[in-house]
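> Next comes the sequence, and after it the predicted model I'd like to discuss.
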Amino acid sequence: MNDLAVFGGERTVPAGMVQTWPPLSQEDRDAVMAVFDSNILHGTSAPNAVALQKEFAQWLGVKHCLVTNSGTSALHMAVASLGIGPGDEVIVPAFTYWSTAAAVLHHNAIPVFVDIEPGSWCIDPKAIEAKISDRTKAILPVHIHGMAADMGPVMEVARKHNLYVIGDACQAHGAKCDGRKVGTIEDTCGFSTNRSKNLSSGEGGLFVTNNDQAYEVASKLREFGEVVVKGKDREYNAYGLGWMYRSHEFVNAFCRSQLRHLDENNNRRKEFAAYLTAELANIPGLKGPYTPPNREPVYFSYIVEFRPEELGLDVPLAKYKAAVQKALAAEGIGLGQWQRVPVPAQDVFQDMQGYGKGCPWTCGFYGRKITYRGDDYPETIRFIAQHAYLAAVHPPNTMDLMKRYVAGFKKVLGQPKAILKLIEQMG
């Protein structure tokens, strides 16, 4: 017991060993510095913006791509470009980062939540049909944690009810379902290039589609509702309400440089994840993620499940989870999480203030009452209670760090009495 770092022993992962994402190279620095030399700093027709759109579209395998200033703006464009608006309903999973639902609200549409499927933790296709109403216009599956949603049955339900499908692939650049990359299956899709994402630009996003009309609408939405044509004088005429979703050339240049290494970095994530999952299968008390046979994840997050019963510990799951996290943190192994309640249980949906006076829920174009209850999503609640995310399962970290993680897991989980002691100390 005394060898655990939480009780004064030596930590398994030395301080300073864990490296942050993304890997940065001289190539990245040169790409950004070249923007200064070009003296072209912004604009939808700027060279890096145009090149990034072409390169990402080719990498993904879609017809159209528009670079944006965030993943949320890309998702908003994905919603709005399909004509979804006031009073329309969009079906969204209860487990996601809440900007998925915000993108629906941003265009005066109403999020309707469904639970997630066990194992993949993406939207449960079997739960969708019961939530479809005469106001439903789209389904918005989220490819969460780098895991693709089960798109086959999602698309079947959409076709049956004549609905659009909008993808949230903000955490899933390169993830596949049935051999197809997410973003190529849906009508429209949004990606994030926030610093943490598999493809990083610091902050940014990418809207993609094979739909020509959606592309034209999104192009206007991105820049104040105007039509801007390269080589022609700007008309300064807004054809509709638009936003300022342009990105900077420094961001675009950095993203292009990172894109050249996306497949390589994803492969490293997969290698690390495969090793950790195989090792955790032989360490009672924790379990690695499950991958359905028709899915190929890219491990934006590496998910760990807490299983006190495997150690013979009859303790509350929350206390076991907190104690193990604390013991592993002392070893230099970070396990955390970001969502603590289902999205519909968050204040924005409980208070339903929206963007003022209850809109869009109470605005005249909706006309029916909807209630959000966090307790209605048991799989989401169970996932939040049982799981956390293991930090730094990505390059520029190496397999040496993954091996130290495994050593730390064995060290902590191999001492159930020490975990009990820690639970007692934590109260």
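Perfect, I can see it now.
> Show me the strands in the chain, by range?
Using DSSP state E, the strands of the chain run over 64-68, 89-93, 110-114, 136-139, 164-168, 176-177, 180-181, 188-192, 205-209, 286-287, 295-296, 302-306, 335-336, 387-390.
> Out of the ones you listed, which is the most enclosed?
Mean neighbour count (mean count of other Cβ atoms under 10 Å) peaks for strand 188-192 among the strands of the chain, with a mean of 31. Where C-beta positions appear, they are placed from N, C-alpha and C, glycine not excepted.
> what's the average pLDDT for that one?
Averaged over strand 188-192, pLDDT sits at 98.
> Dump the strands of the chain to TSV, plus distance to V315.
Conversion of these to TSV gives the following (distance: least, Cβ to Cβ, whole Å):
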stretch	distance to V315
strand 64-68	46
strand 89-93	30
strand 110-114	32
strand 136-139	40
strand 164-168	36
strand 176-177	38
strand 180-181	43
strand 188-192	38
strand 205-209	43
strand 286-287	15
strand 295-296	33
strand 302-306	11
strand 335-336	17
strand 387-390	17
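> Could you point out which of those strands sits nearest A49?
Nearest to A49, of all the strands of the chain, is strand 64-68, at 5.2 Å by Cβ to Cβ.
> residue ranges for the helices of the stretch 101-250 of the chain, please.
125-128, 151-161, 212-222, 249-259 (DSSP state H, counting those that start in this stretch).
> Would you map out the domains in the protein?
The record's domain split for the chain, according to automatic domain parsing, is 5-22+262-338+382-426, 26-261.
> what about the shortest one, how long is it end to end?
For domain 5-22+262-338+382-426, the separation between the terminal residues is 16 Å (Cα to Cα, to the nearest Å).
> what's the answer for the longest one, then?
Looking at domain 26-261, the gap from its leading to its trailing residue is 13 Å under the measure Cα to Cα.
> Report the rounded mean pLDDT for stretch 46-64.
The average pLDDT within stretch 46-64 is 98.
> can you pull the alpha-carbon coordinates of that stretch into PDB?
Output of stretch 46-64 as PDB, limited to C-alpha atoms (Å, rounded to 0.1, in the frame of the first residue of the first chain):
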ATOM      1  CA  ALA A  46      -7.700  33.800 -49.600                       C
ATOM      2  CA  PRO A  47      -5.200  31.200 -50.800                       C
ATOM      3  CA  ASN A  48      -5.000  29.000 -47.700                       C
ATOM      4  CA  ALA A  49      -8.800  29.100 -47.200                       C
ATOM      5  CA  VAL A  50      -9.400  27.900 -50.800                       C
ATOM      6  CA  ALA A  51      -6.600  25.300 -50.600                       C
ATOM      7  CA  LEU A  52      -7.700  23.900 -47.300                       C
ATOM      8  CA  GLN A  53     -11.300  23.500 -48.600                       C
ATOM      9  CA  LYS A  54     -10.000  21.600 -51.600                       C
ATOM     10  CA  GLU A  55      -7.600  19.400 -49.700                       C
ATOM     11  CA  PHE A  56     -10.000  18.500 -46.900                       C
ATOM     12  CA  ALA A  57     -12.700  17.700 -49.500                       C
ATOM     13  CA  GLN A  58     -10.300  15.400 -51.300                       C
ATOM     14  CA  TRP A  59      -9.100  13.800 -48.100                       C
ATOM     15  CA  LEU A  60     -12.700  13.100 -46.900                       C
ATOM     16  CA  GLY A  61     -14.200  12.300 -50.300                       C
ATOM     17  CA  VAL A  62     -16.900  14.900 -50.600                       C
ATOM     18  CA  LYS A  63     -17.800  17.500 -53.300                       C
ATOM     19  CA  HIS A  64     -17.900  20.600 -51.200                       C
END
